[in-house]
Each structure stands twice: as structure tokens, then as C-alpha cells.
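1. When you get a sec, could you give me coordinates for this:
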Amino acid sequence: MTSKIGYYVSGNTAEGFVNFLSTNTSDFHHHIILKHPSYSLKTAIINEIINQYEEDHHIEVLYSSIGKEFLEGVIIRDKKVAIVDERIASADLPSSFELNLALFTGMDASQDFASEHEAIDTFIQNAYRDFEAGLKIHDDLEEVYIKEMDFAKANQLATEFIASLLKGVSKQEKESKVYHRLFGTNTKDGVVNVVPELLRPLSKKNYIKGRAGTGKSTFMKKIMSACLAHGFDVELYHCSFDPNSIDMVLVRELDFCIFDSTDPHEFFPHGPGEETIDMYEKAVTPGTDEKYTKVIHDLNTRYKAYMKKGVVNLQEAGELLGKLEQQYDLTNLEMEKIKSFIIGKIIE
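-> You can find the predicted model right below:
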């Protein structure tokens, strides 16, 4: 049975650019790294490889943290091969091979757009500073709820959930793996996510609700640890605002996931096998929202203003990038040459 899933391995966060590719492909035979100034050109090639292999193989599509029209790579896991944009290539990728696409095209890819790229980078760095400023305010918001938290109740809730999840489930006699990913991020198109796509094939879905600082991430980290100790592989989806925080734990061997279902990725159960866990309701002093109404409103307003400002900076960078992309093109013949070369490397 074949399948195709999609997610992000890179993100624009309060800690800057993050990249989790290597945790997803650490045992691969080939990393084919596409080198070229044009993201559109590299995306076109990635799409060709997807079309070539998706009918007979499990495909993992790596969405781009730049914008929705781009892709950052494709993973063919059963072949242990990844074809990725140089943007997410890192020194720790095993068996990597750089493919300079300019060698296959009739275009001059060495044109100097230094000033344009410098301007793009300035907007992106400004966005990271905005996100960082927003996170500091968000930390203050967390403190409001932390001082009203009953941590014993939160821990007991996690213990009971884990016991229910793993009841009657045999331990796996294998070494478990953690795949670090994101289910969305801040882009030039705004704050995006692919939560519905990740939820679709699963039968057990848990929507964790609450407020900032009410232990949602800690709850999920406990579930992750328990599943790993049981021998299950875990897909760990980090928060694209604060990558030290967790937004989703997905365990395909259990047909299960639990995720932070609060703004800006708020969803609600609507079918069998879907449940809600409300950390505010279960572990926070009743009346906390009302007690700190003005403080909470002010902090929310301030941190969200920085987030919006950061996205505007990414949009500005995206506009400049779009103008640069117009300088590049790829003929069908050039595409076929590149595709054939890559397929040859995959077969090797």
C-alpha cells in the first residue's frame, strides 16, 4: 500500500530559522541536494520526482517555510533517498551529493543579485526579531497561568492518559526513533498548518485545549517518552513559534495523535475516535480568566501585534523573492535531463 504525507522540517521561529531534516533521514543511502538560485525551478524538479514515484512508493513531501508555491524536498523512505533543496541541507546529512542544476540549463545562474538577496535577508531577520519579542511577551502570559496551575493534577492527568493509551499494548522489541518536524510555520502567506492532512488517516485523535503555560507541551512530552519506552516510533511536531515547545505527538503504529488545538491552529472534534482534553478546565484555578482579564487581554494584544509584524516582514521578503524568480525558466528538455539524472542516482 502506498501513501503520501506532507509536513515541514524547517520553520521561521522566535529562535530564527530551524531545520529538522537530519532527524528524519539519518539512516539514508542518498541525499541528493539541489543547488540553484531559483526555488521555483527546484520545486518543479521535486514535483517531477513525486509524480514519478508516488504510485508505487511511500512519499513524504517537505513543504516550504518560504511559501505555499514552493517545496523543500521529497523523501522516498523505502528507498532511503531524499531529494532536497540546498536551503535545508546540513553538514550532518549522510551520503549527500550536490547537484548543480545550472549544469543542465542554458541559463546563466551566476547573475549577481547580491543587493536583492541582502534586502530579503534583512526582512527575514527583522521577522525573527519580531517573533523573539513576541515570545518574550508570551512568556509573561504563561506566568499568569503557571501561578494558578495545579501541577499534581496535570501530572495525574498525564499518567491516566498514558495508562489508557497503552493499556493492553505489547512492548515492541525494537529501538524506537523520534522524527522531529513541524506541522506548520510562519510564512509569507501568513501562519499556515497542515493539521487536517496529518489527522486524516488516523483513527484516534486527541485535541488538547488550554491556555499559555497550562502544561500542554509538557503533557505531550510525557506521552512521547512513554511511547518511546514502549518501542514505538514517534513523530514529534515542534511549535513554530517556540521550537522548544511541542505542538503534536503522532504515533502511526498506534494510529494515534494528540496535538495543541489552540489558536492559531484551533480545531474541534467532529467524529468517532476524537476527544478533547482541556488543561485549563482540569488543572487551573477556576475563574483565572476572569481574575486577570485585563492583564491577559493586554499581553495577548501585544504579543499578537509582534507576530503580525513578523509575518509582514516575511511578506516583504516574499515579494522581493518573487521578482527574482521571474529571472529563471526551465525547458521541458532540461527538466527531462535533470529528472533522468536523479532517477539514475536513486537506482544506484
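
2. Could you give the bridge partners of the most centrally placed residue in the chain?
-> Centrality entry for the chain: nearest residue to the mean C-alpha point is residue 182, 1.7 Å, by Cα atoms, centre = their mean. Under the criterion DSSP bridges, residue 182 forms beta bridges with residue 8, residue 238.

3. Okay, and residue 119 sits in which element?
-> Applying DSSP states H and E as the criterion places residue 119 in helix 114-146.

4. Repeat that for residue 303.
-> Counting by DSSP H and E, residue 303 is part of helix 293-325.

5. Kindly report the same for residue 206.
-> Taking DSSP H and E as the definition, residue 206 sits inside strand 204-209.

6. Can you mark which positions in that strand are buried?
-> With burial defined by 16 or more other Cβ atoms under 10 Å, the residues of strand 204-209 counted as buried are 205-209. (Each C-beta comes from the backbone N, C-alpha and C, glycine too.)

7. Report the angle between whatever helix or strand comes next after that strand and strand 204-209.
-> If you walk from strand 204-209 toward the C-terminus, the next helix or strand you reach (DSSP H and E) is helix 216-229. In terms of direction (axes from the mean of the first three to the mean of the last three Cα atoms, to 10 degrees), helix 216-229 departs from strand 204-209 by 150 degrees.

8. for helix 216-229, what is the average pLDDT?
-> Helix 216-229 carries an average pLDDT of 98.

9. cool, and stretch 115-128?
-> In the prediction, stretch 115-128 has an average pLDDT of 98.

10. Would you mark the buried spots in that stretch?
-> Taking 16+ other Cβ under 10 Å as the neighbour-count basis, stretch 115-128 is seen to contain the buried residues 120, 123-124, 126-128.

11. Stretch 228-235 now?
-> Across stretch 228-235, burial judged by 16+ other Cβ under 10 Å covers 228, 230, 232-235.

12. What's the end-to-end length of that stretch?
-> One end of stretch 228-235 sits 10 Å from the other (Cα to Cα, to the nearest Å).

13. Could you list the residues in contact with that stretch?
-> Outside stretch 228-235, the residues that touch it by Cβ atoms under 8 Å, 6 or more residues apart in numbering are 7, 166, 169, 171-179, 181, 224, 227, 248-254.

14. isn't residue 227 right next to residue 257, touching?
-> No. Under the contact definition of Cβ atoms under 8 Å, residue 227 does not touch residue 257, with a separation of 10.9 Å.

15. re the thing from before, dump the buried residues of stretch 228-235 to a markdown table, plus distance to residue 160.
-> Formatted as a markdown table, the buried residues of stretch 228-235 follow (distance: Cβ to Cβ, whole Å):
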| residue | distance to residue 160 |
| --- | --- |
| 228 | 19 |
| 230 | 16 |
| 232 | 19 |
| 233 | 24 |
| 234 | 20 |
| 235 | 23 |
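
16. and these, which two are the farthest apart?
-> Maximum pairwise distance in those, criterion Cβ to Cβ, is 15.1 Å, between 230 and 235.

17. Output the below-cut-off pLDDT ranges for the stretch 51-200 of the chain.
-> 107-110 (pLDDT under 70).

18. can you pull the buried residues of the following helix or strand past the helix holding residue 119?
-> Past helix 114-146, further along toward the C-terminus, the next helix or strand under DSSP H and E is helix 151-166. Judged by neighbour count (16+ other Cβ under 10 Å), helix 151-166 contains these buried residues: 154, 157-158, 161-162, 165-166.
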